[in-house]
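Chemist: Here is the input, now give the coordinates:
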Amino acid sequence: MAAGASPAQHRDHSTDHPELDVLPEWPQDTIAVLVTTDPAPHAIPVSWPVRAGDRRILISLKFDRGSLARLRERPEIALLILGGGNVALCARGTAKVIAEQMPDAEDYAAVQIDVAVIDDHRQSAFAVDKGIRRTVLDASELHALQGRVATLRGWSDDQN
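Modeler: Residues are numbered from 1 along each chain as shown. This is a model prediction of the structure:
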């Protein structure tokens, strides 16, 4: 270590968090947090991300979302998932729009996240029991979300 340098300046950041080799399963009704940049970070909740393989996630974003515009310009993103069954991870990778308009949901785009790194944030002192929850206030919106997720799952099955 150089004279006058603090230990934090020489810490190996690759060991900050353990990494997972593959994405775990999470409950369908999981709410994730999508982080995009412009270059400042912006975080938004994302309903029901779909695990589409060991290192791929599909989400739907409303066409007028700022996050959609940001990921088009800077595709490097992070997706924080805290879900039931002790799922606590940050999937880091690149995002791309795979459908400008989803079938039966023209105001939503489908986005694929190709995951490069899966940071494992589980801890031995506590477990994520239920993750982030939302209460449905509009049954038609729930039905629309279920339809978008069914489409994403179908596309996921086609690619596996």
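Chemist: What residues sit buried inside the lengthiest helix in the chain?
Modeler: Secondary structure assigned by DSSP state H gives helix 139-159 as the longest helix of the chain. Neighbour counts over helix 139-159 (16 or more other Cβ atoms under 10 Å) mark Ala144, Leu145, Gly147, Arg148, Val149, Thr151, Leu152, Arg153, Trp155, Ser156 as buried. C-betas here are computed from N, CA, C, even on glycine.
Chemist: Then stretch 96-107?
Modeler: For stretch 96-107, by 16+ other Cβ under 10 Å, it's Ala99, Met102, Ala105.
Chemist: Which single one of the residues you listed is nearest to Val22?
Modeler: Ala99 (24.9 Å; Cβ to Cβ).
Chemist: So what's the residue count around Pro49?
Modeler: If you count neighbours by other Cβ atoms under 10 Å, Pro49 ends up with 25.
Chemist: Hmm, Leu61 and it touching each other?
Modeler: No - the pair Pro49 and Leu61 fails to qualify as a contact (Cβ atoms under 8 Å) at a distance of 10.9 Å.
Chemist: quick one, what contacts Val136?
Modeler: Leu142 (Cβ atoms under 8 Å, 6 or more residues apart in numbering).
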